[in-house]
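*Asks:* What shape does this take:
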Amino acid sequence: MDDMAFVRSVQADNGNHPAAVFQMNTGFVTPGSPSLGAWLTFGLGAENQNLPAYVALPDFRSIPFSGTQQWGSGFLPAAYQGTVLRWKGEAIRDLQPPEGLSPQARQSERELLRSLNQEYLKDHFTNPDLQARLDSYELSYRMQTEVPAVLDIDRESAAVKEMYGLNDPVTLSFGKRCLMARKLVEHGVRYVQLYTPSQSWDAHLDIKKNHLKNAQETDKPIAALIRDLKQRGLLESTLLVWMGEFGRTPDTPADQKTKGRDHNPQAMTIWFAGGGIKKGALAGATDDLGFKAIQDVYHIRDVHATILHLMGLNDMRLTYYHAGRNRRLTDTGGRLISQVLA
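*Replies:* You can find the predicted model right below:
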């Protein structure tokens, strides 16, 4: 808790899940815009040329609304979309070459394929998707040795595995993905996005049962991630953001027999930790009921502007020309959440 900063007055524009999740990830309630991770990799590039700059770690028991579009590149070149890694089984399917194929044969095949691709590209150089596809082939080849080494959980100590909850089936999924996130950050991945838990936080019915289960899955692993980053000297150079697409109402609808909560885009609490964050800071407040943000109210675009700022980018200057105008993650611009900045 001492390393976190809380913003208790964030508002969204829409109370429907698909639109709100799009806004959380892309700044807009409609599909087709680049995700935050795509904008960051567009602005900052890749640090490790053998790994994707942007990785998504979903729990495949509960895929977010609209699935892969949530880590897509939108109108940015396809090279900036997120790469999905799986926490169970092969991290990336079909990454490894067939058994029995020698390194020399693999290299010969790669050189031949590269030559053919470059010849084809000369006649189709105006197609950005083609170049992105060719780049992805090259990255896949380099990842064949890098990914297994980076994500080798067996190299971790028993104490680290226990800290993340890998010995407990309740925390195994999120715990392993938090540990994967730490290892990816250690090896230069710019942006890692985790989705949790195995079921939705959407507790229209029986909020106590729902939130207890979800908290049991997430509390220990996320605390372990913060602690682990701090112990390794990585927390000050890593920004963590925990948020959903909107908040919940403080009341139970009269027509519900079991106590739950409805969607509430008028008030949401999020937290930051790590690089550039003022530890223990509090920003904003709601009314007495917790229904509506009334003090230091911030919008999703302000959250995005603050994240870009902490990553060394100006939200008004990070633009891409599309459909006749310069497009931005924050559209017309966002305000920095100054209370949480160190």
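*Asks:* Can you give me the distance of residue 46 to residue 120?
*Replies:* Distance from residue 46 to residue 120, counting by Cβ to Cβ, to the nearest Å: 25 Å. C-beta: built from backbone N, CA, C; applies to glycine.
*Asks:* repeat for residue 59
*Replies:* 39 Å.
*Asks:* what do you get for residue 6?
*Replies:* In this view, residue 6 and residue 120 are 53 Å apart by Cβ to Cβ.
*Asks:* Looking only at neighbour counts, state which of those two leads.
*Replies:* Applying other Cβ atoms under 10 Å to residue 6 and residue 120 shows that residue 6 carries more neighbours, namely 18 against 12.
*Asks:* Just give the nearest non-adjacent residue to residue 241, would you?
*Replies:* Leaving out its chain neighbours, the residue that sits closest to residue 241 by Cβ to Cβ, 6 or more residues apart in numbering is residue 272, at 5.7 Å.
*Asks:* State the next helix or strand along the chain beyond the helix or strand the one you found falls within.
*Replies:* Per DSSP states H and E: residue 272 is located in strand 268-274. Where DSSP H and E defines the elements, the next helix or strand beyond strand 268-274 is strand 282-283.
*Asks:* What average pLDDT does the strand holding residue 272 get?
*Replies:* Here strand 268-274 scores 98 as its mean pLDDT.
*Asks:* Run through the stretch 151-300 of the chain and note the low-pLDDT ranges.
*Replies:* 198, 254-257 (pLDDT under 70).
*Asks:* which residues of it fall in helices?
*Replies:* Residue ranges of the helices in the stretch 151-300 of the chain, as given by DSSP state H, counting those that start in this stretch, are 158-164, 172-186, 207-231, 300-310.
*Asks:* now those helices as TSV including mean neighbour count and distance to residue 87?
*Replies:* Below are these laid out as TSV (neighbours: other Cβ atoms under 10 Å; distance: least, Cβ to Cβ, whole Å):
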stretch	mean neighbour count	distance to residue 87
helix 158-164	16	11
helix 172-186	22	5
helix 207-231	17	11
helix 300-310	23	24
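*Asks:* nearest to residue 109, of the ones you listed?
*Replies:* helix 172-186 (28.4 Å; Cβ to Cβ).
*Asks:* And the closest one, what does it pack against?
*Replies:* Helices and strands touching helix 172-186, by 3 or more Cβ pairs under 8 Å, 6 or more residues apart in numbering; DSSP states H and E, are strand 54-57, helix 158-164, strand 191-194, helix 207-231.
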